[in-house]
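Engineer: test case, fold it:
(2 chains)
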Amino acid sequence: MRGTLRWARADLRARPSQALLTLGVVAGVVAALVLSTMLLQGAVNPWQQLFARTHGADVLIYFQNGTNTSELSSLPGVRQVGRPYEAASATLEQGPVQSPVELRGMTPVPPAMSTPLIVAGTWLRSSEQDGAVIEASFAAAVHVGVGDKIVVDGIDGTSVPMRVIGIADTADQGFYPQWTPGLIWVQHGLLTAVEPHQSETQEVVGLRLDDASTVATGQVVQTIWNLYNGPTENSAVLRYSTWQQVQNSMASNDRLLGLLLALFGVIALVAAPCAIANVTAGSVLMQRQDIGMLKALGFTPGQVVGMLLAEQTALGAAGAGFGLVAARIMTSSAFVRPPDGTPVGLAPLSGSWVALIGGGAVLTVAIATIIPAWRAGQVSPVAAVQPTPPRGHLSLIARLGLLVRLPPALVLGARDSLTRRLPSALTVVGLAIPMAMITIALICWSTIDGFTRDPGRIGLAAAVTVTPGGGLDTARTLNLISHDHQVLAYYPGAEFDTLLPGDNGTFIARAVGYSSRPYPFQTVQGRMFDAPNEAVAGQGFLTLMHIGVGAWISPTIDGVPVILHIVGRTIEPDNNGDVLDFGLDALSDAGGGGPQLFYALVLKPGVSPAAARATLLAASRDELDVQLVANPADGLEVVKVVIVVAVAVLAVIGLANLLTAAAVGQRDHLHEVGVLKALGLTPRQVTATLVVNTTILTAIGVASGTVAGLVIAPRLINMQGQTSGIGSGIAASLPAATVVEILAIALAIATTAALFLARRTTRMSDSAHLRSPNRPSPPRRHALDNVNSLRTR
Amino acid sequence: MSRSERYLPCLPGGADTACLLRARQLVKVYRADGVAVEALRGIDLDLAVGEFVAIMGPSGSGKSTLLHVLGGLEPATTGEIWLRGRRVDGLSRSGWAILRRRHVGFVFQFFNLLSNMTVADNVELPALLAGASPRQARKRREELLAELGIADKAGAAPARLSGGEQQRVALARALANEPSLLLADEPTGNLDSSNTRDVLRLLRRVHDGGQAILMVTHDARVASLADRVINLFDGMVADDATIVPLPRSLNGVGDVLELRG
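Structural biologist: Numbering: from 1, shown residues only, chains lettered A, B, ... in the order given. Alright, predicted model coming up:
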């Protein structure tokens, strides 16, 4: 044991760069994993972040006003009772649109429990009695910003004008419109103005529990319900909400994010062990002689294996520690934007996640070390004393190459890469895997980018939809739209929630444009409809119906049976792809269609949807209902951050593999270098030989990895598209120039690294290479020793 | 004084405690690319406690292989090896490793110091491996380095030493656990004449202290230091001769060897 420790200590001291390499790779992978998990968890489950940052309540209880709630704090399981506040139901009036809201009476001092998290503007101020703070997802849905004036109607019809002074996040309720009513915080005076009858208001109390598990929460809620809604038949508890309900409501079931999390897990599982195994295998190869000598001194094979395992695992543990700390520092000020909400600060990962990632990384290091360590255990003690003859021979091709006077450096370098098969294969695989992963990540990026840059590609040609309403009839709406110079084209449409045959679900039947002039759907299979009895459908619909392109269906749309021939499949980001599209004439031919009309507006290139919306609203004096079309890529910005981190880590892993390969290769060549010089190669030619060897392997590894990535990525993305219902055909490809750039950068880095190592090797004195087999030379030598060593060889 | 007077003879049968090392019909066959090469072809060898035997022979005669097989670095193909009255040829690799810790020290032509470790660590490692406390290991190392005249090099890296110094460190390392048997493979093969002299003087001193040594060399002057010289040829013992220290007056070249058998 003491001997083992002594050797490990000396080993770490003698080769700090290799230890740092392992440390760096593990730290990078752990940091990337923590970061990705935090970001994706934040995006998939934003509740956790919000709850932590707003000191959210575990349970909210809505009491009838006037209820004595003082008993709550003495109930078993209740740890803390929040300040009760008044709430009233009301309606937000926006022209023809009315949205249900809940007003909460607050003071200029924000509450300690369920503190609204201000993301824009300010909290309520006593100097602005008409100020209102709006919950962020509600504000986004009703297009209200700081400084806007809004009108809130009470139940009895009283209209109260307010001014929006702040936007805030809360963990008290889910995102609007999945969770209604929308939430507005106002000061008490304003609440009384909207709802003057105190008996109509409610009293909301937040509770924090000792044990917030689902069972315990249920028990507390039941106790309160029984206590207040007892035999008096005077139901004091009107309703309640628990943190579980809020969390479920906020949770996004975005499968793309889940897939990405899995993808980066796979990256960590595949690329990191490769790099670790490579680094360890490299150090074993470089220390073959010393390991042989240790065995000659009396180390058993088991001791050698245990020693390497312990050393690498300790390095891995240190690396994991560094990674966790680095991730903590990096994420302390980072923000994440959930798909439907506003940016939320990242909450630290739970202990179990940290343990899983850290422990997993250390375990991976141990597993990756097993094979190289086992090989080290098998090293013959004779390796210490018998130089292995250099392997490889001049192949026919090499001899031909020399015969036709190819540069000898090229021939000899190429010969090395081809004859030393196992090390070469390891290098190639070690580079190809990270390279393939990088390519996949970049194609993901390119695809997401394409969604935003060219929404038409995913069937979102129209950026704005307009619904006539209020005092505007169809003719005046059409007039407004057709005279707007920002609109390139518009398509009338109608949308119906339709029952699937067999009554086991619904899909959206959507008529937009006419069969003679259809809406520009993105058809990826079959063709666009061009007759009234033809239709196209999203993948989700086809999967739901178990049919393919070419099928005939007869759904009942808007009460009218329609017979349709599905002639194509579209990219369909809406409603999980459960959408059937056809022309309006299909409905009118069948005798249906009419009232639910909207207009899909395709804007001229360069026009921002928000500007077009503002113009239309102004032109119609806020009478029109103008909605911006949601782009699924909006929620995926977080993925870009993850991709950048992943690419950086993969680059480090690739570089680690490359440096190991170059170092091991050149160490193997140390002896040959002397021979080559003795044969008459100039130092420059010797350097070139070593560089050519590394560069050829890099080129093969990088090229094969990139090709694999280019082949795999579209399949992965399309597979994801197919399962999510949007349909395959969404994957973008990398421009050829980008591919060439990636290859060039990788090769340039490889060649530079190889050149650096090769020059060091070449500079060693000539005799040094010939002195002792496979062993770096001591600087001080007696002349006679060299002669002796030459003679005895 | 003949050999039989200086050392107790090895009795027939392996389990003879006076006999330090006994090999019987040792055969070592290498297989490379389907071709079998017989490196050792039935070697019989006895080494008494405290005896110094040199093995000579031309290149490829199997000298180094014999040494490796006797030290368990490579397994014998067939044959018996007895060390201190115990049969050891059937030991596993781990068994051999543990045996080497206590009973076999190695010195090689190319020194083979652990390049990562300082001179002190190189010498202390075998002692630590054998279970000595760090304090004991350091004490033993200090003694050995002082005895070999390189006490001032304890903190140096092996690569910074001259060949002679490196071989002295290697010798100190081999002797760290006071092994029963010291196996030396061309210990002077990579040294100049003055360093050769120094190392031989040290070997002589160690031997005089009772250390049994089996040394491979192809230098007759080096071999002359031994009590007995075994000549190998094509993997077989060609002759086995005891060197008789001669009276001063008869110090002629022709009287150096007394051929036996």
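Engineer: pLDDT averaged over the helix or strand hosting A:V362, what's the number?
Structural biologist: Following DSSP states H and E, one finds A:V362 within helix A:351-378. Mean pLDDT, computed over helix A:351-378, is 86.
Engineer: equivalent analysis for stretch A:547-565, please.
Structural biologist: 87.
Engineer: contacts for it next, please.
Structural biologist: By C-beta atoms under 8 Å, 6 or more residues apart in numbering or on different chains, the residues outside stretch A:547-565 that reach it are A:494, A:496, A:498-501, A:509, A:525-526, A:533-535, A:542, A:545, A:566-569, A:580, A:582, A:586-587, A:590-593, A:596. All C-beta spots, glycine's among them, are computed from the backbone N, C-alpha and C.
Engineer: let's go with 6 Å and repeat that
Structural biologist: Applying C-beta atoms under 6 Å, 6 or more residues apart in numbering or on different chains, the external contacts of stretch A:547-565 come out as A:496, A:498, A:509, A:525-526, A:533-535, A:566, A:569, A:582, A:590-592.
Engineer: which ones among those also lie next to chain B?
Structural biologist: Applying C-beta under 6 Å from any C-beta of the partner chain, the subset of the contacts of stretch A:547-565 adjacent to chain B is empty.
Engineer: now, those residues that are in strands?
Structural biologist: A:F496, A:T498, A:A509, A:Q525, A:G526, A:E534, A:A535, A:I566, A:R569, A:F582 (DSSP state E).
Engineer: farthest-apart pair in those residues, please.
Structural biologist: Using C-beta to C-beta, these span at most 24.1 Å, a distance reached by A:F496 and A:Q525.
Engineer: can you pick out the residue with more neighbours from these two?
Structural biologist: Neighbours were counted for A:F496 and for A:Q525 using other C-beta atoms under 10 Å in any protein chain shown; A:F496 has more, 22 against 17.
Engineer: ok, that one to chain B distance?
Structural biologist: Separation of A:F496 from chain B (C-beta to the nearest C-beta, to the nearest Å) stands at 77 Å.
Engineer: what pairs with that residue across the strands?
Structural biologist: With DSSP bridges as the criterion, A:F496 is bridged to A:A509.
Engineer: how confident was the prediction at residue 58?
Structural biologist: Just so you know, I chose chain A. Listed pLDDT for A:D58 reads 91.
Engineer: try again with chain B
Structural biologist: pLDDT, read off for B:P58, is 90.
Engineer: what are the phi and psi values at it?
Structural biologist: phi -70, psi 170 (degrees, to the nearest 10).
Engineer: most centrally placed residue in chain B?
Structural biologist: Geometric centre of chain B, nearest residue: B:L183, 1.7 Å, by C-alpha atoms, centre = their mean.
Engineer: list the contacts of that residue.
Structural biologist: B:L67, B:G71, B:F106, B:L214.
Engineer: check those residues against chain A, which are close?
Structural biologist: Within the contacts of B:L183, those near chain A by C-beta under 6 Å from any C-beta are B:F106.
Engineer: inside strands: which ones of the contacts of B:L183?
Structural biologist: Assigned to strands by DSSP E, the following of the contacts of B:L183 qualify: B:F106, B:L214.
Engineer: ok, and the most crowded of the contacts of B:L183?
Structural biologist: Within those, most neighbours by other C-beta under 10 Å means B:F106, with 27 neighbours.
Engineer: tell me the pLDDT of that residue.
Structural biologist: B:F106 is given a pLDDT of 89.
Engineer: and what of the one 5 residues further on?
Structural biologist: Per-residue confidence for B:F111 comes out at a pLDDT of 81.
Engineer: cool, B:G14 as well?
Structural biologist: pLDDT for B:G14: 47.
Engineer: ok, now A:L92?
Structural biologist: 90.
Engineer: for it, which non-adjacent residue is spatially closest?
Structural biologist: Nearest non-adjacent residue to A:L92, counting by C-beta to C-beta, 6 or more residues apart in numbering or on different chains: A:S99, 4.5 Å away.
Engineer: nearest to chain B among the contacts of stretch A:547-565?
Structural biologist: Among the contacts of stretch A:547-565, A:Q525 lies closest to chain B (C-beta to the nearest C-beta), at 58.8 Å.
Engineer: give the contact list for the closest one.
Structural biologist: A:V549, A:R569.
Engineer: rewinding a little: buried members of the contacts of stretch A:547-565 into PyMOL, please.
Structural biologist: A single PyMOL command selects the buried members of the contacts of stretch A:547-565 (16 or more other C-beta atoms under 10 Å in any protein chain shown):
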select buried, chain A and resi 496+498+509+525+526+533+534+535+566+569+582+590+592
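Engineer: which two in the contacts of stretch A:547-565 are spaced the farthest apart?
Structural biologist: Pairwise distances among the contacts of stretch A:547-565 were taken by C-beta to C-beta; the largest, 30.4 Å, belongs to A:Q525 and A:G591.
Engineer: ok and the residue in the stretch 501-650 of chain A nearest chain B?
Structural biologist: A:V649 (29.7 Å).
Engineer: buried stuff in the host helix or strand of that residue?
Structural biologist: In the assignment (DSSP H and E), A:V649 maps to helix A:637-668. Neighbour counts over helix A:637-668 (16+ other C-beta under 10 Å) mark A:638-639, A:642-643, A:645-647, A:649-668 as buried.
Engineer: what helices and strands are in contact with that helix?
Structural biologist: Under the contact criterion of 3 or more C-beta pairs under 6 Å, 6 or more residues apart in numbering or on different chains; DSSP states H and E, helix A:637-668 touches helix A:16-44, helix A:255-286, helix A:421-453, helix A:736-763.
Engineer: show me where the stretch 51-200 of chain B has its helices.
Structural biologist: With helices called from DSSP state H, counting those that start in this stretch, the stretch 51-200 of chain B shows them at B:63-70, B:93-103, B:119-129, B:134-147, B:163-175, B:193-208.
Engineer: now swap in the stretch 151-300 of chain A and tell me
Structural biologist: Under DSSP H, counting those that start in this stretch, the stretch 151-300 of chain A gives helices at A:188-194, A:214-228, A:243-250, A:255-286, A:288-297.
Engineer: got the angle for the third one vs helix A:214-228?
Structural biologist: Pointing back at helix A:243-250 there. On the basis of axes from the mean of the first three to the mean of the last three C-alpha atoms, to 10 degrees, helix A:243-250 is oriented at 120 degrees to helix A:214-228.
Engineer: can you pull the contacts of the residue of the stretch 351-500 of chain A found nearest chain B?
Structural biologist: For the stretch 351-500 of chain A and chain B, the shortest gap (C-beta to the nearest C-beta) falls at A:P381, measuring 4.2 Å. A:P381 sits next to A:G292, A:K295, A:A296, B:L73 when contact means C-beta under 6 Å, 6+ apart.
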